[in-house]
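# only the shape, not the letters, is given here:
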Ligand code: DLL
């Protein structure tokens, strides 16, 4: 049995999991009350003291934390330990305002790497595997997290980081990498490049991919699996809560198990803050139960998804989150209609395109316009204008039925849209300029 499959925790009964969460939550609230004046003030404003939180049933009473709080408290205002006990920071890739800086003690790094190790094992990883970590290394958490997890599992780890695609492929082939960790958009690009090099799925040594850090559709998963000849597993996380590994997919590939011994997940109505029942879609909120340096309670992620406790065929009992369909802040409102880029991606891939597209939103004469530019695949590439017009018409109809909105579709030649080595930029919203 792999060391990082921990059935006593990952397959524990609901009662056992709740007992762990109750005990850790009470301790964490006390700790934050004593050590994080910023959060203590928030509790006091609600008339709360630690005595009001006696179990996870009382969680709903606690105030939320948001990205704005993190910015207000930047850089040290939410520290739960003296800086002298912190050993590392990571930071988000956000492009607006101040970056979020998260702190880690050695204990936090250990827990985080354990979570990533669980994810690798759930994807079939063992000490016999060669794990190529093609997430970026540095302030971004992807590289460091999976690198640490891979070490813990005992895989031969290739910390190649992202970029230099031909060198990636050379290492992958020469060292017979069996597990690839990167963003799904970079995995798709690697697959595209390998195909151009004449490599077929059966020539590629990989068996599994652990892809996350951005929203990706089920259709994109199918595409990547076919091109690389692998099973593609989703992994979720965010810098504020450590990084990748907060939740991960198992062999059932139907939702990501949240590491419930370390995090409590809730789904709330983003407008009212009301906690929603299981199965309903809303904003994901996390409470970190045992993080020391950066202990966040009821942190609003802005990610939109739902949770399920339905039995999973893998035997794990930890609650599963469905693929986030997007973030409250990447939801586009176009002529009053809510549109997630992932819905557009689904239509494109269902029509045989690859995930090489860009969504351009503008406002012309006070009316929002939605322009979807998508590459033809090399197989469908043509300069026959009639054929192109037919294809565009079919996509306009597909988007209309998915979104209830008329979009303009422009087919462009293969390789026109810039490929991403990390998180892909899918949307250009010119209305904000
Ligand atoms: O993206 C951590 C990570 C690294 C996760 C590698 C998985 C793999 P941040 O840069 O702080 O951290 O971005 C966090 O990315 O709130 C989601 O909006 C999005 N995200 C992360 N994983 C997924 C996923 C890392 N599997 C933000 N599906 C999160 C959809 C994801 N969105």
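Nice, I can see it. Treat the numbers as computed from the prediction; the structure is a model and nothing was measured. Numbering: from 1, shown residues only.

# for the helix or strand hosting residue 114, what is the distance to the chain centroid?
Using DSSP states H and E, the secondary-structure element containing residue 114 is helix 106-122. Taking the mean C-alpha point of helix 106-122 and that of its whole chain, the gap between them comes to 16 Å (Cα atoms, centre = their mean, to the nearest Å).

# do stretch 292-302 as well
For stretch 292-302, the separation from the chain centroid amounts to 16 Å (computed by Cα atoms, centre = their mean).

# compute the first-to-last residue distance for it.
Terminal residues of stretch 292-302 are spaced 23 Å apart (Cα to Cα, to the nearest Å).

# ends of stretch 170-188, what's the gap?
Separation of the first and last residues of stretch 170-188 by Cα to Cα is 17 Å.

# which strands and helices sit next to the helix holding residue 114?
Contact analysis of helix 106-122 by 3 or more Cβ pairs under 8 Å, 6 or more residues apart in numbering; DSSP states H and E lists strand 86-91, helix 141-153, strand 231-238, strand 243-249 as its packing neighbours. Placement of C-beta: from N, CA and C, glycine included.

# the helix or strand just after it pairs with which strands?
Where DSSP H and E defines the elements, the next helix or strand beyond helix 106-122 is strand 130-133. Using DSSP bridges, the neighbouring strands of strand 130-133 in the sheet come out as strand 156-158 (parallel), strand 179-182 (parallel).

# what's the most buried one of those strands?
Neighbour counts averaged per stretch over the strands paired with strand 130-133 are highest for strand 179-182, at a mean of 30; criterion: mean count of other Cβ atoms under 10 Å.

# and the next helix or strand past that strand?
Note on strand 179-182: by DSSP H and E, the next helix or strand toward the C-terminus is helix 184-196.

# looking at that next one now, give me its mean pLDDT.
Averaged across helix 184-196, pLDDT comes to 95.

# for it, buried residues please.
Buried positions in helix 184-196, judged by neighbour count with 16 or more other Cβ atoms under 10 Å: 184-192, 194.

# what residues does the protein put near the ligand?
With the criterion set to Cβ under 6 Å from any ligand atom, the chain comes near the ligand through 92-93, 135, 141-142, 212-215, 234-239, 243-244, 301, 303, 323-324, 327.

# list buried residues within those residues.
For the residues of the chain next to the ligand, a neighbour count by 16+ other Cβ under 10 Å gives the buried set as 92, 135, 141-142, 212-215, 234-239, 243-244, 301, 303, 323-324, 327.

# can you pull out the helices in the stretch 301-433 of the chain?
Remark: helices assigned in the stretch 301-433 of the chain by DSSP state H, counting those that start in this stretch are 341-350, 385-403.

# tell me which of these lies nearest to residue 423.
Proximity to residue 423 (Cβ to Cβ) singles out helix 341-350 among the helices of the stretch 301-433 of the chain, at 12.1 Å.

# looking at this, residue 79 is in a strand?
No - using DSSP: H, G, I helix; E, B strand; the rest coil, the assignment for residue 79 is coil, not a strand.

# and it, how far from residue 103?
Residue 79 sits 6 Å away from residue 103, taking Cβ to Cβ, to the nearest Å as the criterion.

# these two: who's more crowded?
Comparing residue 79 with residue 103 by neighbour count (other Cβ atoms under 10 Å), the higher total belongs to residue 103, at 22 against 19.

# so which strand or helix has that one?
Here residue 103 is covered by strand 101-105, with elements defined by DSSP H and E.

# burial of residue 277, as a residue count?
A count of neighbours around residue 277, defined by other Cβ under 10 Å, yields 9.

# ditto for residue 355
Other residues lying near residue 355 total 22 when counted by other Cβ under 10 Å.

# so who does residue 237 touch?
Under the criterion of Cβ atoms under 8 Å, 6 or more residues apart in numbering, the contact list for residue 237 reads 115, 141, 145, 212, 243-247.

# quick check: pLDDT value at it.
What the model reports as pLDDT for residue 237 is 98.

# repeat for the one 4 residues further on
The predicted local distance difference test score for residue 241 is 98.
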